[in-house]
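build me a model from this:
(3 chains)
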Amino acid sequence: MALMEPYAAALSELNFSRMYGDDFFLTWDKTSDELSALFTVADALRRLREANISTRIFDSGLGISLFRDNSTRTRFSFASACNMLGLTVQDLDEGKSQIAHGETVRETANMISFMADVIGIRDDMYIGKGHTYQKAVSDAVRQGHADGVLEQVPTLVNLQCDIDHPTQCCADLLHVIHTFGGAQNLHGKKVAMTWAYSPSYGKPLSVPQGVIGLFTRFGMDVVLAHPEGYDVFPEVEELAAKQAAASGGSFKKVASMEEAFEGADIVYPKSWAPFAAMEQRTELYGSGDFAGIDALEKELLAQNAQHMDWECTEELMSTTKNGSALYLHCLPADISGVSCERGEVAASVFDRYRTPLYKQASFKPYIIAAMIFLSKVEDPALMLRKLENKARVRQMTSI
Amino acid sequence: MALMEPYAAALSELNFSRMYGDDFFLTWDKTSDELSALFTVADALRRLREANISTRIFDSGLGISLFRDNSTRTRFSFASACNMLGLTVQDLDEGKSQIAHGETVRETANMISFMADVIGIRDDMYIGKGHTYQKAVSDAVRQGHADGVLEQVPTLVNLQCDIDHPTQCCADLLHVIHTFGGAQNLHGKKVAMTWAYSPSYGKPLSVPQGVIGLFTRFGMDVVLAHPEGYDVFPEVEELAAKQAAASGGSFKKVASMEEAFEGADIVYPKSWAPFAAMEQRTELYGSGDFAGIDALEKELLAQNAQHMDWECTEELMSTTKNGSALYLHCLPADISGVSCERGEVAASVFDRYRTPLYKQASFKPYIIAAMIFLSKVEDPALMLRKLENKARVRQMTSI
Amino acid sequence: MALMEPYAAALSELNFSRMYGDDFFLTWDKTSDELSALFTVADALRRLREANISTRIFDSGLGISLFRDNSTRTRFSFASACNMLGLTVQDLDEGKSQIAHGETVRETANMISFMADVIGIRDDMYIGKGHTYQKAVSDAVRQGHADGVLEQVPTLVNLQCDIDHPTQCCADLLHVIHTFGGAQNLHGKKVAMTWAYSPSYGKPLSVPQGVIGLFTRFGMDVVLAHPEGYDVFPEVEELAAKQAAASGGSFKKVASMEEAFEGADIVYPKSWAPFAAMEQRTELYGSGDFAGIDALEKELLAQNAQHMDWECTEELMSTTKNGSALYLHCLPADISGVSCERGEVAASVFDRYRTPLYKQASFKPYIIAAMIFLSKVEDPALMLRKLENKARVRQMTSI
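Alright, predicted model coming up:
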């Protein structure tokens, strides 16, 4: 009878009214209260589901997905989130679509949105493109609603762009919160967001950027480490520094994994491509210079290969706090001797953290559902209570 | 309490009992009363949705889609229509299917239909094929039901064939009805259905045919204009003439855009391929003559290029009724200077009509839903009232 | 009011409690009581649907499908089964997924299962692979549940593996049961499971294996016939012999279609690839020897071509019991003169049995739904009664 009370009580302390009707692009668009509301609602929805109580707030409606890059985890997380709220996913597969050459974003956005309550987009391949595209879609559907074309405004959820990966990083942080017994315990914890070697090339920067852009808001000591030349967006580094100062934590860059891991409470070793190279690639792509892209790929792989020693080994792990820092990864990881000869992490380290890693991933569907819920529901605390009181079962039992 | 009364009252004046259990192939298969019922139900379903009242008449069930040509607008419209009625779309992707070489239409149709309430098919590429295929599918599932194989008869909805594009043209007309304040105001309005230049080739004839086959039934003065050689199906022209006479309107062909646009209330400038060339293409395809198809393509593009002046310009628009005819397009349009160098319409004209164009498109989901509704519900007026009285919310609110 | 009574009564006589929470890999994993429960629940669910009573036991939830081979019938059957129980299908399209090279089955299985109630897998291409893979997925999600990663255990349903095709063969048998007026009438009936010629190559062995592995449990006289070299798994033959003995039937192998058909009550002529060749192919595939695979294909097609006389002709059919054995096929069949020059069956035979063949196929959605139902519902008899009493309509009617 009182399952939802703690969550409703927590929400009553927070100011997040601006989330109603709003999109979710970047975590740093949101206030601390808004992020707390997100985590609270994610936990509450999980609690309801565990209690076999339906969390459907929609009787019908569509959740549109657009993946401009391959995806398993995020695709299934988005599908799960939509499903648990009562929305049906309709995928915009650009390969099967009649989107005319030169068709405006505005037109496509309106054409797919007549009954769309949510639009989730992954567009992480080109610097300066993904976030811009998502904004353009959001502007288009808001305009469409203002013009009387759309009966409702679909909420835009960033499923990964060139700048941030908020559904991933919020799931990561919610896992950290649960592991450390609450957000209040994060103050002063050392987080090592470090580059790691991978034999593949061109991995997006949105995870490291998302992590330093989010974790610096919780009073943690966030350290970013990468080989020379593997810088992330300078703007995000600046933001991280500013946020760290404001939250009573710190943000610094170091030049080695060793220094980053030393005494860390949390480590997030993960490969990414150099920002400057990704910018270059975007330009080459823009000018249709495919030979140039091939040459760049070779160059980058060679550059990566100079940093094979950036691997999360047992030895490095032993230098973390009590030798047992929480190891994070967005998955799939490049595991040495398993998925590649040399990779981001030693097999024994990965194996030891397998269950926590899977739990980390398990928060993503709830984070996405909470993003939608907060945008669609005017009084989330009341709605959570209503769902509990209504107590429609998710799966009928025989009893 | 009385949201549905005007719609129910309108339906009570109409004789459309034959639509129950029937398919929707061509608009001219339907009586005027039946078309009126279609528009009334489409408006009623929209009204319910706007009032946040669920229009689900299905608790479960499948809507099968088969797109033999790329589609965004119609795909999302079909998905939306199914969703708002409670059906789940299952797409028959012929590329991922095990449909044996030589497998009969009858077999495939039955195999996908065990729990299908609707089948929507787009098959518009070859003259003499699409409509025939749709008929064969309908015959097969009706036979399957008669034989005790299928527990229900799935309703066939033509999502575009070689002859007609009824979901598009009915959406177009419903937009016209709303723009002009009711079907009763359409009498005597001049409609210019004209060819327009496009740098692409092989666009289907189903839209111009659908428009002259539908708009001639409402007492309008329908003018068809195209360059020499760009004729549409002669049978549809004959039909249009007959219908125009019967409805107190007129149908004539003219040889220039200028003449068609002169004083027009409504203009629909759009590219299509010559009927004779499309017949030739179908034969070449049938005999596997791909070199012949390539040659034909080049020939047709060259032929198109001779008619670049068939463009909907500001100058032409100024010759329409009060210089402000309603501009229609099924989208996406080839916009000069935007999606191509020279195209169907000047950018400034398109831009000025953008919002009405998007509204035009917004009717399609409701038209499709109404086609399904009228086939599945024996007493539509009663059901609309029932939905309103039951008032199940589409999206839960906190209040 | 008492629609479900006969089914509930039948279930009360059976011991099938082990099916609750269990997967469905192979029919011979299940006891006779469990198979009887499966058939009873399949019939009961069909009865409810015919009475327009919703069979949804899920308000939300996902059914994951993974097809590693093309599929129409099974894909639509799985979609239908999920839909009628209230689950939404989310397809794992490995081509669009970010499944890292070397990513473990354990990881992928968990990543797709956070809200999965069912996972259906078709993986029938390689000997020794499909069943093993399905087991690994099941183990992974059970481990994930034990580790607190997954809130529920998704039920694994074998949609065809290298060993068995239980959803097909159970649908086949349920069709036989209905045709012969009950399982009690099957004792002593002669079943001819025979190879037949096809101009294609590499058809899976799971159907003949599944048939002899299932039909031998019902006291029938099962005869397996194939040309020399077209043996199926020896283990399944042994199993068939043992089961036949235990059920009071018989199992024998003969060397000609003629001998198999003689006096048969049921015939199932169908092409398959030799087990030994399929093993060889798996090895060639494993070692990346594509030239070897091509050579093997040619060899096998040539070998097939020596047995063109293995065709189900009218003449052969006339030698069956009263000249009217029940003809079975999993479809699509290779029909002589229709889908190929010479194939598995004469066109006139196929045509005569078309309606029963389609009915045979119509049981598959219900078999799959029953497999899920029995795994998810602790007291199926009670749940069937509950569904009937609740009597939520599947499709709203106007009355």
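
can you tell me which residues contact the residue of the stretch 101-250 of chain A found nearest chain B?
Proximity to chain B, evaluated over the stretch 101-250 of chain A using C-beta to the nearest C-beta, is greatest for A:Gly102 at 3.1 Å. Every C-beta, even on glycine, is put in place using the N, C-alpha and C of the backbone. Counting by C-beta atoms under 8 Å, 6 or more residues apart in numbering or on different chains, A:Gly102 makes contact with B:Ile335, B:Val338, B:Ser339, B:Cys340.

hey, C-alpha coordinates of the helix or strand containing A:Lys386 in PDB?
A:Lys386 is part of helix A:380-390 when elements are defined by DSSP states H and E. Presented in PDB, the C-alpha positions along helix A:380-390 are these (Å, rounded to 0.1, in the frame of the first residue of the first chain):
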ATOM      1  CA  PRO A 380       4.800  12.400 -11.200                       C
ATOM      2  CA  ALA A 381       4.400  11.700  -7.400                       C
ATOM      3  CA  LEU A 382       0.600  11.600  -7.800                       C
ATOM      4  CA  MET A 383       0.900   9.400 -10.800                       C
ATOM      5  CA  LEU A 384       3.100   6.900  -9.100                       C
ATOM      6  CA  ARG A 385       0.600   6.700  -6.200                       C
ATOM      7  CA  LYS A 386      -2.200   6.300  -8.700                       C
ATOM      8  CA  LEU A 387      -0.400   3.400 -10.500                       C
ATOM      9  CA  GLU A 388       0.100   1.700  -7.200                       C
ATOM     10  CA  ASN A 389      -3.400   2.200  -6.000                       C
ATOM     11  CA  LYS A 390      -4.900   1.100  -9.400                       C
END
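
that one vs chain B: in contact?
Yes - against chain B, helix A:380-390 shows contacts by C-beta under 8 Å from any C-beta of the partner chain at A:Pro380, A:Leu382, A:Met383, A:Lys386.

which one of those residues is nearest A:Met84?
Nearest to A:Met84 among the residues of helix A:380-390 next to chain B: A:Met383, at 13.8 Å, using C-beta to C-beta.

circling back to that earlier point, same list (the residues of helix A:380-390 next to chain B) but as CSV, adding pLDDT and neighbour count.
Output for those, formatted as CSV (pLDDT from 0 to 100; neighbours: other C-beta atoms under 10 Å in any protein chain shown):
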residue, pLDDT, neighbour count
A:Pro380, 97, 24
A:Leu382, 96, 16
A:Met383, 97, 23
A:Lys386, 96, 17
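
gap between A:Arg106 and B:His175?
From A:Arg106 across to B:His175, the span is 19 Å (C-beta to C-beta, to the nearest Å).

who has more neighbours out of those two?
B:His175 (21 against 17; other C-beta atoms under 10 Å in any protein chain shown).

where does the more buried one land on pLDDT?
Model confidence at B:His175, expressed as pLDDT, equals 98.

now it: which helix or strand?
helix B:166-179.

cool, A:Cys82 as well?
helix A:73-85.

surely A:Lys203 is within a helix?
No - per DSSP: H, G, I helix; E, B strand; the rest coil, A:Lys203 lies outside any helix segment and is coil.

per-residue confidence averaged over the helix holding A:Cys82?
97.

and it, how far from the chain's centre?
13 Å (C-alpha atoms, centre = their mean, to the nearest Å).

my read: A:Ser77 touches A:Ala369, true?
No - using C-beta atoms under 8 Å, A:Ser77 is not in contact with A:Ala369, being 9.1 Å away.

tell me the pLDDT of the spatially closest residue to A:Val149 that is not a sequence neighbour.
Spatially, and ignoring its direct neighbours in sequence, A:Val149 is nearest to B:Tyr358 (4.2 Å; C-beta to C-beta, 6 or more residues apart in numbering or on different chains). The per-residue pLDDT reported for B:Tyr358 equals 98.

residue contacts, A:Ala9?
Contacts of A:Ala9 (C-beta under 8 Å, 6+ apart): none.

same question but for A:Glu151, I mixed them up
Counted by C-beta under 8 Å, 6+ apart, A:Glu151 has contacts A:Phe114, A:His145, B:Arg46, B:Arg49, B:Glu50.
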